[in-house]
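S.K.: Return a 3D structure for these sequence lines:
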Amino acid sequence: MSLVFFGVGFLLFSIYLIFLIWNIIYNGKKQKEQNYPNLDSLNQDNIDLDGMGNQGRVPNNN
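M.R.: Residues are numbered from 1 along each chain as shown. Predicted coordinates for the structure are as follows:
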């Protein structure tokens, strides 16, 4: 009888954890899309590593 209770409890706890992790991931992605809609890797400057813009770039005189 106690093994049945343990099994049912473990099953319910496992389902709870699965939905908890899914909820955290889903709402994190949703919040990121709502708060930062234009933040994607296509619009980023790959050369600008410090985030300061073009102030540190010196044009070549060749």
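
S.K.: Distance of P37 relative to K29?
M.R.: 12 Å (C-beta to C-beta, to the nearest Å). From N, CA and C alone the C-beta is placed, and that goes for glycine too.

S.K.: Can you name the helix or strand that K32 falls in?
M.R.: helix 2-35 (DSSP states H and E).

S.K.: Show the average pLDDT along that helix.
M.R.: On average, the pLDDT along helix 2-35 is 95.

S.K.: Just the buried positions in it, please.
M.R.: Under the neighbour-count criterion of 16 or more other C-beta atoms under 10 Å, helix 2-35 has nothing buried.

S.K.: and that helix, what other elements does it pack with?
M.R.: The contact analysis (3 or more C-beta pairs under 8 Å, 6 or more residues apart in numbering; DSSP states H and E) places helix 2-35 against no helix or strand.
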